[in-house]
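Visitor: fold the following for me, if possible:
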Amino acid sequence: MSGRLKIRQGWKRHLGTLAMVLAVFVAVQAWQTRKVPGGAAPDFPVTVVQADGRVTSTTLHEWRAAHPGEPVALHFWADWCPICRTEEGSVTRVSQDWPVMTVAMQSGDAAKVAQVLRRRALPWSAAVDPRSEITSAHGFGAVPAFVVVDAAGQLRAPTVGYTSETGMRLRLWWAKLTGGSAG
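Guide: Numbering: from 1, shown residues only. Predicted coordinates:
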């Protein structure tokens, strides 16, 4: 058997393995996001904190209204979550180009969340979610989690677990490209 034929056969065998890994990944994501409601994003009152300690109150709908016609992202994280720390740079870079509201789940009160933002040099606005009420309303039971709210206010493309910067950007881009239509 020639070397070239062996490479072709080996490639086909690995392609099957790759397809199996991809199928498992898609199945796990589908299972992890099974409780994420479809349709309109829930509105909720939030206490939003900045790294400098400034605290404001708003709702998701009010925050979205500041970005008319644009998809926005919600990024759910916790100060104790090691995978969330891995995503911090990606979220920071994405938030420079797209509207992103981060939600600090079970990470303490506004003062503690501000301290975490300051200590980690995170330039984010963070909604404080000490009892996971906001996170649960979106159907997430674990962090990190990421979801796009399209221009029509519909939840789209939820993920649980690590989401790459490219994955975040592609989800937002797709929501912008398809407008308020399902996708």
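Visitor: now the nearest residue to Val72 once chain neighbours are set aside: phi and psi?
Guide: Spatial nearest neighbour of Val72, chain neighbours left out: Pro99 (4.2 Å); criterion: CB to CB, 6 or more residues apart in numbering. Where C-beta positions appear, they are placed from N, C-alpha and C, glycine not excepted. With angles defined as degrees, to the nearest 10, Pro99 sits at phi -70, psi 120.
Visitor: which outside residues touch the particular helix or strand that has Glu88 in it?
Guide: Taking DSSP states H and E as the criterion, Glu88 maps to helix 82-95. Here helix 82-95 makes contact (CB atoms under 8 Å, 6 or more residues apart in numbering) with 73, 75, 77-78, 100, 102, 120, 122-124, 143-144, 161-165, 168-169, 172.
Visitor: one more: stretch 114-125?
Guide: Counting by CB under 8 Å, 6+ apart, 48-53, 55, 79, 85, 88, 91-92, 95, 100-102, 104, 107-108, 126 sit against stretch 114-125.
Visitor: off-centre distance for that stretch?
Guide: 18 Å (CA atoms, centre = their mean, to the nearest Å).
Visitor: buried stuff in that stretch?
Guide: Under the neighbour-count criterion of 16 or more other CB atoms under 10 Å, stretch 114-125 has Ala114, Gln115, Val116, Leu117, Leu122, Trp124, Ser125 buried.
Visitor: cool, stretch 57-76 as well?
Guide: Applying 16+ other CB under 10 Å to stretch 57-76 flags Thr58, Leu60, Trp63, Arg64, Pro71, Val72, Ala73, Leu74, His75, Phe76 as buried.
Visitor: in helices only, show me those residues.
Guide: Leu60, Trp63, Arg64 (DSSP state H).
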